[in-house]
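A.B. asks: Build me a structure from this.
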Amino acid sequence: MSKKKLERQEREKIVTDMNEFLITYAKSILPADANLASELYQAAQADVTGLDQLFKDDGYGRKERYQNIAQGFICDYYHLEPADSAAEQQKLIDEAVRYLGQHQDQLNRWIKE
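C.D. replies: Reported below is the predicted structural model:
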């Protein structure tokens, strides 16, 4: 397997994990809604800090459910120090938000299970 393909697969796994953790967190603090994935995507689409306003948690969900998971992966996979990983971390967060937007129906079905 090529290095690029392996990297893409690992990034897809972590993006999925980031969104699953985010949805699990959202389910615990937001009212039950059939379109929770859509709400999350709308909040994060322009800027991931929009999740702070949705959750009303001073950034806990964003930091703990997106940024820290992304940072951990970037540091482990690319062997970067947290101070040197900000740009790559942002790329991964952007990928996770895009994934959230592109898989809303699938994620909403997962939420209902």
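
A.B. asks: got the contact list for the lowest-mean-pLDDT helix or strand in the chain?
C.D. replies: Of all helical and strand segments in the chain, the minimum by mean pLDDT, DSSP states H and E falls on helix 104-112, at a mean of 81. For helix 104-112, contacts defined as Cβ atoms under 8 Å, 6 or more residues apart in numbering pick out 19-20, 23, 27, 34-38, 41, 100. To be clear about C-beta, it is placed using only N, CA and C from the backbone, and glycine gets the same treatment.

A.B. asks: Mind listing what's buried along the helix with the most length in the chain?
C.D. replies: Determined from DSSP state H, the single longest helix within the chain is helix 3-29. Within helix 3-29, the residues that count as buried by 16 or more other Cβ atoms under 10 Å are 11, 14-15, 18-19, 21-23, 25-26.

A.B. asks: I'd like the next helix or strand past it.
C.D. replies: Next along the chain after helix 3-29, taking DSSP states H and E as the criterion, comes helix 36-44.

A.B. asks: Run through who's touching that following helix.
C.D. replies: Under the contact criterion Cβ under 8 Å, 6+ apart, helix 36-44 has outside partners 22-23, 26-27, 30, 33, 50-51, 53-54, 66, 97, 100-101, 103-105, 107-108, 111.

A.B. asks: make it 10 Å
C.D. replies: Applying Cβ atoms under 10 Å, 6 or more residues apart in numbering, the contact partners of helix 36-44 are 19, 22-23, 25-27, 30-31, 33, 35, 49-55, 61-62, 66, 93-94, 96-112.
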